[in-house]
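In: Everything below, folded, please.
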Amino acid sequence: MRLEVVCKDRMGIAKEILTIMVKHGTNLRGIETDPSRNIFLNFPELEFSELQVLLPEIRRIDGVEDVRTVPYTPSERGSHELNTILRTLPDPVFSLDMRGRIVRLNEAAQLALRGDEDKLRGQSINQFVHGFSFQRWLDDEEIEPQATKVSVGQRSYLADILPILVDADVSSSPGNVLAGAVLLLKSTDRLGEQVNAYQKQSSDGFERIYGNSQQMKQVLAQSRKMAQLDAPLLIQGETGTGKELLARACHEFSFRGDGPFVALNCASLPDNVAESEMFGHGENAFEGAGEAQRGVLEIANGGTVFLDEIGEMSSSLQAKLLRFLQDGSFRRVGEEEEINVDVRVICATQKDLPDMVQKSEFREDLYYRLNVLCLVVPPLRERKSDILPLAERFIERFCAQTSRPSALVSKSCRDYMMQYPWPGNVRQLENALYRAISLLEGNELSAEDLQLPSYSSNFGYYDEVFEGSLEESVKRFESNLLRRLYPAYPSTRQLARKLGVSHTAIANKLREYGINKKSIT
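Out: Okay, here's the model as predicted:
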């Protein structure tokens, strides 16, 4: 039987209660108080007639406000809660005394040691858990929590060793006193399950995109809303602003997140190749085609297709894409059979599509099909408050990758990064810092370590040590441009159409600069 005596905090009140218990010959098992100073009594069951005499006597004590029966005392409730927690925990948990002996253990721990509590209690933990000296840890002057790899039999575990500190409210030993340790074991399987569960629940794709500026916060808020919709999405922004990263985040945050995400760069392939890549082709559809192949639209069925640099898409490919957006069907190159797929289309461009529509360089009907939902990613120069935090994140990552201490950033370097216009945006910042950290000799980054080319918002990049005439510079630019474009447009007619000049003019230029299949390969 348990009684709760609701009383005032008065000296001697407990002694008077105990005197009454002795008078009635009651065998008291325990007495305790709670934070409110109420007194709890634990004793064997009494007859109702005895209780009728005992309770009024206790109530008459000065300071006692009430006496009532309760199902358990505070210590019993706490013990029951602890047992319930230990029993339901799937990981082995041990309580150890100051000599490293097992005081208490849960059911998972009994299974791990293959014994019951009565036999294991009092045994040294070192008999079962190997790879860590508990006694040496307990004997240290400063006891700190530790995590280490241990083994139990043939199984490996990650062990958390935590000190048990008791508040010693006595003059001889003020403060916390070490009373033992708690040992928690986690198997590699359990760790893997927990990491996977955490990543699945906490990762929405947007955590990879840093944006503390007001502009980026607004973009990310809009992105989360638009990700849940299934209409086409158009992402606009300069090169290097992270358009593909944002497209992936929208895919992962959508109901299609478990489906495939397939990207196609519309500017990197000639027209005929881009059509085959997007829609696939039939067997022997063209010379060298070989077996039938699926395009990105089929591969991404149930997921998302990301079309990068949509402004570079040819007019014929634009027409086929428009038809697909209208009814969700298409034909492979060289086949007549209609194929239906369920994909969401996300496009990205750094070009001004409305201006291209006005100049008849982009289909107006396709533009309105793609521009159902639109996100505009601001350039880095318009979100200056993000520059230094991004730089710090990149520096920390690259220092870890190169196994070197974290590098400091000088004030001059910080000022320079804030003033530079970053025409290549986040990608340029990332690449510049990667190069700087890789080549850094000391431990502090300076502005010179970034090795950034001079740039003017009006004139673009320029060389401070420029030499040569205008004619020589134009020819050098022409030669470099043609050499880059020739592998993707290997005929004079294709290259001329791409650059908007006659094929005769292109043929003369290729001949002048010695550009042909042999020289390029």
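In: For residue 283, give its distance to residue 331.
Out: 14 Å (C-beta to C-beta, to the nearest Å). All C-beta atoms are positioned from the backbone trio N, CA, C, and that covers glycine.
In: The two - which one has more neighbours?
Out: Neighbours per residue (other C-beta atoms under 10 Å) separate residue 283 from residue 331, with residue 331 holding more: 16 against 12.
In: Number of residues surrounding the nearest residue to that one once chain neighbours are set aside?
Out: Among residues not flanking residue 331 along the chain, residue 338 sits closest, at 6.3 Å (C-beta to C-beta, 6 or more residues apart in numbering). Counted with other C-beta under 10 Å, the burial measure for residue 338 works out to 10 neighbours.
In: residues contacting residue 338?
Out: 329, 330, 331 (C-beta atoms under 8 Å, 6 or more residues apart in numbering).
In: now do residue 324
Out: Neighbouring residues of residue 324 by C-beta under 8 Å, 6+ apart: 297, 330.
In: Three-state assignment for it, please.
Out: The assignment at residue 324 comes out as helix when based on DSSP: H, G, I helix; E, B strand; the rest coil.
In: so what pLDDT did it get?
Out: pLDDT recorded at residue 324 is 91.
In: and what of the one 3 residues further on?
Out: Per-residue confidence (pLDDT) for residue 327: 87.
In: for residue 470, same thing?
Out: For residue 470, the pLDDT comes out at 79.
In: That one and residue 477, how far apart?
Out: Between residue 470 and residue 477 the computed distance is 11 Å (C-beta to C-beta).
In: The two - which one has more neighbours?
Out: Shown here are residue 470 and residue 477; by other C-beta under 10 Å, residue 477 has more neighbours (10 against 7).
In: Tell me how far the more buried one lies from residue 158.
Out: Residue 477 sits 59 Å away from residue 158, going by C-beta to C-beta.
In: count of residues packed around residue 245?
Out: By the criterion of other C-beta under 10 Å, residue 245 has 17 neighbours.
In: What about the contacts of residue 338, which are in strands?
Out: 329, 330, 331 (DSSP state E).
In: For the second one, give me its contacts.
Out: Think residue 330. Here residue 330 is in contact with 279, 297, 320, 323, 324, 338, 339 (C-beta under 8 Å, 6+ apart).
In: out of those residues, which is most surrounded?
Out: In these, the most neighbours by other C-beta under 10 Å go to residue 297, 24 neighbours.
In: okay, the closest residue in space to it that isn't next to it in sequence: pLDDT?
Out: Once flanking residues are discounted, residue 297 sits nearest to residue 341: 5.5 Å by C-beta to C-beta, 6+ apart. Looking at residue 341, its pLDDT stands at 92.
In: so what's the backbone phi/psi at residue 341?
Out: phi -130, psi 160 (degrees, to the nearest 10).
In: The one 3 residues further on now?
Out: Summarising the backbone geometry of residue 344 under the convention degrees, to the nearest 10, its torsions are phi -100, psi 140.
In: Compute the number of surrounding residues for it.
Out: 23.
In: Near the spatially closest residue to residue 65 that is not a sequence neighbour, how many other residues are there?
Out: Computed as C-beta to C-beta, 6+ apart, the closest residue to residue 65 that is not its neighbour in sequence is residue 6, at 4.7 Å. Counted by other C-beta under 10 Å, the residues lying close to residue 6 total 15.
In: isn't residue 6 right up against residue 67?
Out: Yes - using C-beta atoms under 8 Å, residue 6 is in contact with residue 67, at 7.4 Å.
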